[in-house]
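1. can you look at this prediction? I've put the sequence above it.
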Amino acid sequence: MLVFFITTMFLYSCVTTSEKNSVEKNDMEKQARSLFMTDSSLLSAKDRLLLRQLATVSYENCVIRNDRFVITISKKEWIKQGLPEIYYDILQKDIGDLNNYVDTVSCPKQLFFDSYLKNQKEYLARKKSQK
């Protein structure tokens with residue numbers, strides 16, 4: 001009976017820890033995503049810098065291969081650049097969602113790719129002109 005109780009408590013604590021980690025990660029993701037939806041005039045200088053870094057790394061490391069958006073930077077390299085891991089996870093998830101969406105819509109995929117490539121080119125040109 002004692003063994004059953006100990007085993008049950010152990011399994012419960014594992015589930016609880018797992019659920020707690022999931023809730024914490026979900027809260028972190030919500031907080032991270034709110035950064036993208038906040039008017040830039042309300043952001044701190046630190047947050048605006050983070051957004052610029054995220055845009056730069058994203059535009060420089062997102063390519064289109066075989067009609068799919070692909071991130072070419074590893075999580076380890078992302079973190080080495082001083083960017084929070086949560087944003088890498090968000091980007092990977094969003095790219096997966098975007099690829100699924102592109103696969104299911106009836107309009108031509110090339111419209112999505114052309115739009116992204118145009119925005120990427122404009123962003124990189126602005127970045128280059130600011131140097």
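-> Received, thanks.

2. mind listing the helices for this structure?
-> Ranges of helices in the chain, per DSSP state H, are 2-37, 45-61, 75-80, 85-104, 109-130.

3. domain-wise, how is this structure divided?
-> 1-37, 40-130 (automatic domain parsing).

4. endpoints of the longest one, how far apart?
-> Domain 40-130 stretches 19 Å from its first residue to its last (C-alpha to C-alpha, to the nearest Å).

5. quick one: average confidence on that domain?
-> For domain 40-130, the mean pLDDT works out to 89.

6. please name whichever of the helices of the chain is nearest to residue 68.
-> Within those, the stretch nearest residue 68 is helix 85-104; the backing value is 5.2 Å (C-beta to C-beta). C-beta coordinates here come from the backbone N, C-alpha and C atoms, glycine included.

7. residues making contact with the closest one?
-> Outside helix 85-104, the residues within contact range by C-beta atoms under 8 Å, 6 or more residues apart in numbering are 25, 28-29, 32-33, 54, 58, 62, 67-71, 75, 78-79, 109, 112.

8. still on that earlier bit, now the domains of the chain in CSV, with mean neighbour count?
-> Shown next, in CSV, are those (neighbours: other C-beta atoms under 10 Å):
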stretch, mean neighbour count
domain 1-37, 10
domain 40-130, 13
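
9. put the alpha carbons of stretch 57-66 into PDB.
-> In PDB, the C-alpha atoms belonging to stretch 57-66 read as follows (Å, rounded to 0.1, in the frame of the first residue of the first chain):
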ATOM      1  CA  VAL A  57      18.200  37.900 -37.700                       C
ATOM      2  CA  SER A  58      14.800  36.800 -39.100                       C
ATOM      3  CA  TYR A  59      15.300  38.500 -42.500                       C
ATOM      4  CA  GLU A  60      18.900  37.400 -42.800                       C
ATOM      5  CA  ASN A  61      18.200  33.800 -41.800                       C
ATOM      6  CA  CYS A  62      14.800  33.000 -43.400                       C
ATOM      7  CA  VAL A  63      14.900  31.600 -46.900                       C
ATOM      8  CA  ILE A  64      12.500  29.900 -49.300                       C
ATOM      9  CA  ARG A  65      13.500  26.400 -50.300                       C
ATOM     10  CA  ASN A  66      11.200  24.000 -52.200                       C
END
